[in-house]
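Asker: need a structure here:
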Amino acid sequence: MAEVVTRRVAANGLDFTVDECGSGDAVALCLHGFPESRWSWRYQLPVLAAHGWRAVAPDLRGYGDTTRPAAKSAYAIDRLVDDTAALFEALGAKRRLLVAHDWGGAIAWVFAMRQRRALDGLIVMNLPHPAIFTATLRTSAAQRRRSWYIAFFQLPLLPELMLRANDARAIGQAFSGMAVDQSAFPPAVTDHYRANAMQPGALTAMINYYRANRRTIGREPVVPIDVPTLLIWGEADTALGVEMTEGYDGLVDDFTLVRLAGVSHWVQREAPDRVNAAMTEWLAAKHLG
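Answerer: As a prediction, this is how the structure comes out:
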(Lines give C-alpha, C1' and ligand atoms only; values in the text may rest on other atoms or scores of the structure.)
Protein backbone atom coordinates (compact mmCIF):
# COMPACT_ATOMS: atom_id res chain seq x y z
CA MET A 1 0.00 0.00 0.00
CA ALA A 2 1.11 3.56 -0.69
CA GLU A 3 2.93 5.39 2.06
CA VAL A 4 1.19 8.14 4.05
CA VAL A 5 3.28 11.30 4.17
CA THR A 6 2.73 14.48 6.18
CA ARG A 7 3.38 17.88 4.67
CA ARG A 8 2.19 21.50 4.64
CA VAL A 9 -0.17 22.99 2.04
CA ALA A 10 -0.81 26.73 1.72
CA ALA A 11 -4.45 27.49 0.90
CA ASN A 12 -6.86 30.37 1.52
CA GLY A 13 -4.21 32.30 3.45
CA LEU A 14 -3.59 29.46 5.92
CA ASP A 15 -0.98 26.72 6.26
CA PHE A 16 -2.67 23.32 6.49
CA THR A 17 -0.90 20.23 7.77
CA VAL A 18 -2.08 17.26 5.73
CA ASP A 19 -1.60 13.53 5.59
CA GLU A 20 -1.39 12.38 1.97
CA CYS A 21 -1.40 9.00 0.28
CA GLY A 22 -1.14 8.36 -3.42
CA SER A 23 -0.49 10.70 -6.32
CA GLY A 24 -2.15 12.31 -9.31
CA ASP A 25 -4.83 14.92 -9.94
CA ALA A 26 -7.82 12.83 -8.80
CA VAL A 27 -8.04 14.13 -5.23
CA ALA A 28 -10.10 12.63 -2.39
CA LEU A 29 -10.20 15.32 0.30
CA CYS A 30 -11.07 13.93 3.74
CA LEU A 31 -12.54 16.37 6.30
CA HIS A 32 -12.56 15.37 9.96
CA GLY A 33 -14.95 16.41 12.70
CA PHE A 34 -14.97 17.57 16.33
CA PRO A 35 -12.77 16.95 18.29
CA GLU A 36 -10.72 14.98 15.79
CA SER A 37 -7.81 15.62 13.42
CA ARG A 38 -6.36 14.41 10.14
CA TRP A 39 -5.32 11.28 12.06
CA SER A 40 -8.92 10.04 12.09
CA TRP A 41 -8.60 9.04 8.41
CA ARG A 42 -5.47 6.91 8.78
CA TYR A 43 -7.35 3.68 7.86
CA GLN A 44 -9.09 5.21 4.84
CA LEU A 45 -6.22 7.00 3.07
CA PRO A 46 -4.43 3.87 1.76
CA VAL A 47 -7.73 2.34 0.63
CA LEU A 48 -8.71 5.45 -1.33
CA ALA A 49 -5.20 5.58 -2.82
CA ALA A 50 -5.48 1.93 -3.87
CA HIS A 51 -8.61 2.86 -5.84
CA GLY A 52 -6.90 5.59 -7.82
CA TRP A 53 -7.41 8.60 -5.59
CA ARG A 54 -4.75 10.87 -4.15
CA ALA A 55 -6.16 10.86 -0.63
CA VAL A 56 -5.50 13.97 1.45
CA ALA A 57 -6.62 14.53 5.05
CA PRO A 58 -5.96 18.01 6.46
CA ASP A 59 -6.14 19.27 9.99
CA LEU A 60 -9.01 21.73 9.54
CA ARG A 61 -8.41 25.39 10.38
CA GLY A 62 -7.81 25.79 14.12
CA TYR A 63 -7.06 22.09 14.62
CA GLY A 64 -3.79 20.28 15.22
CA ASP A 65 -0.88 21.80 13.35
CA THR A 66 -2.90 23.96 10.95
CA THR A 67 -3.07 27.77 11.27
CA ARG A 68 -5.31 28.81 14.16
CA PRO A 69 -7.10 32.15 13.57
CA ALA A 70 -8.24 33.84 16.78
CA ALA A 71 -11.51 35.47 15.76
CA LYS A 72 -14.79 33.57 16.12
CA SER A 73 -15.87 34.86 12.72
CA ALA A 74 -12.91 33.04 11.14
CA TYR A 75 -14.79 29.77 11.68
CA ALA A 76 -18.01 30.74 9.87
CA ILE A 77 -19.21 28.25 7.29
CA ASP A 78 -18.26 30.60 4.43
CA ARG A 79 -14.61 30.43 5.52
CA LEU A 80 -14.73 26.65 5.92
CA VAL A 81 -16.20 26.17 2.44
CA ASP A 82 -13.57 28.55 1.08
CA ASP A 83 -10.87 26.40 2.71
CA THR A 84 -12.20 23.30 0.98
CA ALA A 85 -12.26 24.94 -2.44
CA ALA A 86 -8.78 26.39 -1.91
CA LEU A 87 -7.36 23.03 -0.85
CA PHE A 88 -8.68 21.36 -3.99
CA GLU A 89 -7.08 24.15 -6.02
CA ALA A 90 -3.76 24.01 -4.17
CA LEU A 91 -3.64 20.24 -4.70
CA GLY A 92 -4.21 20.62 -8.44
CA ALA A 93 -7.39 18.54 -8.42
CA LYS A 94 -9.04 17.80 -11.75
CA ARG A 95 -11.33 15.15 -10.28
CA ARG A 96 -12.73 15.64 -6.81
CA LEU A 97 -14.10 13.27 -4.20
CA LEU A 98 -15.16 14.81 -0.90
CA VAL A 99 -15.12 12.47 2.11
CA ALA A 100 -16.26 13.81 5.47
CA HIS A 101 -17.31 12.98 9.02
CA ASP A 102 -19.17 14.97 11.71
CA TRP A 103 -18.30 18.69 11.35
CA GLY A 104 -16.45 17.87 8.17
CA GLY A 105 -19.78 16.52 6.96
CA ALA A 106 -21.50 19.84 7.62
CA ILE A 107 -18.86 21.56 5.50
CA ALA A 108 -19.19 18.93 2.78
CA TRP A 109 -22.99 19.17 2.51
CA VAL A 110 -22.82 22.96 2.17
CA PHE A 111 -19.91 22.75 -0.28
CA ALA A 112 -21.92 20.38 -2.48
CA MET A 113 -25.09 22.50 -2.32
CA ARG A 114 -23.19 25.65 -3.21
CA GLN A 115 -21.39 23.83 -6.03
CA ARG A 116 -18.17 25.67 -5.25
CA ARG A 117 -16.19 23.18 -7.29
CA ALA A 118 -17.46 20.33 -9.44
CA LEU A 119 -17.48 17.09 -7.45
CA ASP A 120 -17.33 13.58 -8.83
CA GLY A 121 -18.66 12.10 -5.61
CA LEU A 122 -19.57 12.85 -2.00
CA ILE A 123 -19.19 10.53 1.00
CA VAL A 124 -20.50 11.68 4.40
CA MET A 125 -20.34 9.76 7.67
CA ASN A 126 -22.65 10.33 10.63
CA LEU A 127 -23.71 13.85 9.81
CA PRO A 128 -27.10 14.51 8.22
CA HIS A 129 -27.96 16.97 5.49
CA PRO A 130 -28.47 20.41 7.13
CA ALA A 131 -32.16 20.45 6.18
CA ILE A 132 -32.66 17.05 7.83
CA PHE A 133 -30.82 18.16 10.98
CA THR A 134 -32.87 21.36 11.27
CA ALA A 135 -36.17 19.57 10.71
CA THR A 136 -35.30 16.85 13.23
CA LEU A 137 -34.33 19.37 15.89
CA ARG A 138 -37.67 21.09 15.36
CA THR A 139 -39.75 17.94 15.71
CA SER A 140 -37.76 15.62 18.00
CA ALA A 141 -37.41 16.30 21.71
CA ALA A 142 -35.04 13.33 21.92
CA GLN A 143 -32.68 14.93 19.38
CA ARG A 144 -32.83 18.27 21.18
CA ARG A 145 -31.70 16.46 24.34
CA ARG A 146 -28.89 14.77 22.42
CA SER A 147 -27.77 18.15 21.06
CA TRP A 148 -27.62 19.93 24.43
CA TYR A 149 -23.89 20.53 24.06
CA ILE A 150 -24.46 22.91 21.12
CA ALA A 151 -26.19 25.35 23.47
CA PHE A 152 -23.53 24.77 26.13
CA PHE A 153 -20.78 25.64 23.66
CA GLN A 154 -22.30 29.09 23.16
CA LEU A 155 -21.19 30.07 26.67
CA PRO A 156 -17.94 32.02 26.96
CA LEU A 157 -14.90 30.39 28.58
CA LEU A 158 -16.72 27.71 30.60
CA PRO A 159 -16.68 25.05 27.83
CA GLU A 160 -12.95 25.56 27.35
CA LEU A 161 -12.29 25.31 31.08
CA MET A 162 -14.28 22.11 31.43
CA LEU A 163 -12.78 20.44 28.36
CA ARG A 164 -9.26 21.46 29.28
CA ALA A 165 -9.43 20.13 32.88
CA ASN A 166 -7.15 17.21 33.76
CA ASP A 167 -5.17 17.45 30.52
CA ALA A 168 -8.32 17.44 28.38
CA ARG A 169 -9.65 14.25 29.93
CA ALA A 170 -13.15 15.02 28.62
CA ILE A 171 -11.82 15.03 25.05
CA GLY A 172 -10.51 11.49 25.46
CA GLN A 173 -13.77 10.41 27.04
CA ALA A 174 -15.71 11.79 24.08
CA PHE A 175 -14.22 8.92 22.07
CA SER A 176 -13.96 6.08 24.56
CA GLY A 177 -17.24 6.95 26.26
CA MET A 178 -19.31 7.02 23.07
CA ALA A 179 -17.65 4.05 21.37
CA VAL A 180 -19.29 0.65 21.26
CA ASP A 181 -15.93 -1.05 20.67
CA GLN A 182 -13.71 0.78 23.13
CA SER A 183 -10.68 -1.21 21.99
CA ALA A 184 -10.65 1.09 18.95
CA PHE A 185 -9.66 3.96 21.25
CA PRO A 186 -6.70 2.87 23.35
CA PRO A 187 -4.74 5.52 25.28
CA ALA A 188 -2.37 6.07 22.35
CA VAL A 189 -5.34 7.28 20.28
CA THR A 190 -7.17 9.34 22.90
CA ASP A 191 -3.87 10.87 24.06
CA HIS A 192 -3.33 12.17 20.52
CA TYR A 193 -6.63 14.02 20.55
CA ARG A 194 -6.07 15.26 24.09
CA ALA A 195 -2.66 16.65 23.16
CA ASN A 196 -4.18 18.44 20.17
CA ALA A 197 -6.81 20.02 22.38
CA MET A 198 -4.18 21.18 24.88
CA GLN A 199 -2.36 23.30 22.32
CA PRO A 200 -2.73 27.05 23.03
CA GLY A 201 -5.98 28.35 21.61
CA ALA A 202 -7.04 25.00 20.16
CA LEU A 203 -10.14 24.40 22.25
CA THR A 204 -11.49 27.87 21.55
CA ALA A 205 -10.91 27.35 17.83
CA MET A 206 -12.65 23.99 17.90
CA ILE A 207 -15.66 25.31 19.84
CA ASN A 208 -15.86 28.36 17.58
CA TYR A 209 -17.16 26.08 14.83
CA TYR A 210 -20.32 25.85 16.94
CA ARG A 211 -20.35 29.47 18.04
CA ALA A 212 -19.86 30.95 14.58
CA ASN A 213 -22.46 28.77 12.85
CA ARG A 214 -25.29 28.13 15.28
CA ARG A 215 -27.79 30.19 13.28
CA THR A 216 -26.41 29.88 9.77
CA ILE A 217 -26.08 26.32 8.49
CA GLY A 218 -29.74 25.52 9.18
CA ARG A 219 -30.72 28.48 6.97
CA GLU A 220 -28.59 27.39 4.05
CA PRO A 221 -30.70 27.55 0.86
CA VAL A 222 -31.48 23.99 -0.16
CA VAL A 223 -30.14 23.18 -3.61
CA PRO A 224 -30.52 19.56 -4.74
CA ILE A 225 -27.16 17.80 -4.83
CA ASP A 226 -26.64 16.23 -8.23
CA VAL A 227 -23.48 14.20 -7.61
CA PRO A 228 -23.46 10.57 -6.42
CA THR A 229 -23.66 10.65 -2.62
CA LEU A 230 -22.99 7.94 -0.06
CA LEU A 231 -24.12 8.34 3.55
CA ILE A 232 -22.49 5.90 5.98
CA TRP A 233 -24.11 5.83 9.41
CA GLY A 234 -23.13 4.08 12.62
CA GLU A 235 -26.50 3.18 14.14
CA ALA A 236 -25.26 3.32 17.75
CA ASP A 237 -24.55 7.07 17.51
CA THR A 238 -25.58 8.64 20.83
CA ALA A 239 -25.30 12.22 19.52
CA LEU A 240 -27.32 11.95 16.29
CA GLY A 241 -30.42 9.81 15.91
CA VAL A 242 -30.69 7.23 13.15
CA GLU A 243 -33.91 8.91 11.98
CA MET A 244 -31.62 11.50 10.39
CA THR A 245 -30.82 9.00 7.64
CA GLU A 246 -34.35 9.34 6.23
CA GLY A 247 -36.01 11.93 4.01
CA TYR A 248 -33.35 12.57 1.37
CA ASP A 249 -35.70 12.54 -1.63
CA GLY A 250 -35.50 15.97 -3.25
CA LEU A 251 -32.27 16.78 -1.42
CA VAL A 252 -29.90 14.38 -3.19
CA ASP A 253 -30.53 13.03 -6.68
CA ASP A 254 -28.31 9.93 -6.43
CA PHE A 255 -28.37 8.80 -2.79
CA THR A 256 -26.98 5.62 -1.25
CA LEU A 257 -27.34 4.81 2.46
CA VAL A 258 -25.26 2.25 4.36
CA ARG A 259 -26.18 1.77 8.02
CA LEU A 260 -23.74 -0.05 10.28
CA ALA A 261 -25.35 -1.82 13.22
CA GLY A 262 -23.47 -1.78 16.51
CA VAL A 263 -21.14 1.07 15.51
CA SER A 264 -20.93 4.44 17.21
CA HIS A 265 -20.57 7.99 15.88
CA TRP A 266 -16.84 7.36 15.30
CA VAL A 267 -17.46 5.03 12.36
CA GLN A 268 -14.27 5.29 10.33
CA ARG A 269 -12.06 4.60 13.34
CA GLU A 270 -14.27 2.07 15.13
CA ALA A 271 -15.26 -0.02 12.10
CA PRO A 272 -12.65 0.73 9.43
CA ASP A 273 -13.06 -2.57 7.59
CA ARG A 274 -16.83 -2.12 7.25
CA VAL A 275 -16.49 1.55 6.29
CA ASN A 276 -13.79 0.79 3.74
CA ALA A 277 -15.86 -2.04 2.27
CA ALA A 278 -18.87 0.26 1.92
CA MET A 279 -16.75 2.93 0.25
CA THR A 280 -15.06 0.45 -2.08
CA GLU A 281 -18.36 -1.10 -3.21
CA TRP A 282 -19.93 2.32 -3.80
CA LEU A 283 -16.90 3.66 -5.68
CA ALA A 284 -17.03 0.66 -7.99
CA ALA A 285 -20.79 0.98 -8.51
CA LYS A 286 -20.46 4.66 -9.42
CA HIS A 287 -17.38 4.06 -11.60
CA LEU A 288 -15.27 6.23 -9.28
CA GLY A 289 -12.55 3.75 -8.44
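
Asker: Could I get the full set of strands for the chain?
Answerer: Per DSSP state E, the chain carries strands over the ranges 4-11, 14-21, 26-31, 54-58, 95-101, 121-125, 229-234, 255-260.

Asker: now the helices for this protein?
Answerer: Using DSSP state H, the helices of the chain run over 45-50, 77-90, 103-114, 130-139, 141-146, 148-152, 158-176, 187-198, 202-213, 267-270, 272-285.

Asker: quick one: the third one to strand 95-101, angle?
Answerer: Translated: helix 103-114. 140 degrees (axes from the mean of the first three to the mean of the last three CA atoms, to 10 degrees).

Asker: helices or strands up against helix 103-114?
Answerer: strand 26-31, helix 77-90, strand 95-101, strand 121-125, helix 130-139 (3 or more CB pairs under 8 Å, 6 or more residues apart in numbering; DSSP states H and E). Using the backbone N, CA and C atoms, a C-beta is placed for each residue, glycine as well.

Asker: So which of the ones you listed is nearest Leu288?
Answerer: Of all these, strand 121-125 sits nearest to Leu288, with 5.0 Å by CB to CB.

Asker: Neighbouring strands - and their directions - for the closest one?
Answerer: Its sheet considered, strand 121-125 pairs with strand 95-101 (parallel), strand 229-234 (parallel) by DSSP bridges.

Asker: Pull up the per-residue confidence for Met1.
Answerer: pLDDT for Met1: 67.

Asker: One more: Gly13?
Answerer: So Gly13 comes in at 98 (pLDDT).

Asker: From Glu243, how far off is it?
Answerer: Separation of Gly13 from Glu243 (CB to CB, to the nearest Å) stands at 39 Å.

Asker: Touching stretch 152-168 from outside, list them.
Answerer: Defining contact as CB atoms under 8 Å, 6 or more residues apart in numbering, one finds that stretch 152-168 is touched by 35, 170-171, 193-195, 197-198, 203-204, 207, 210-211, 214.

Asker: And those residues, which of them are buried?
Answerer: Among those, the ones that count as buried by 16 or more other CB atoms under 10 Å are Pro35, Ala170, Ile171, Tyr193, Arg194, Ala197, Leu203, Thr204, Ile207, Tyr210, Arg211.
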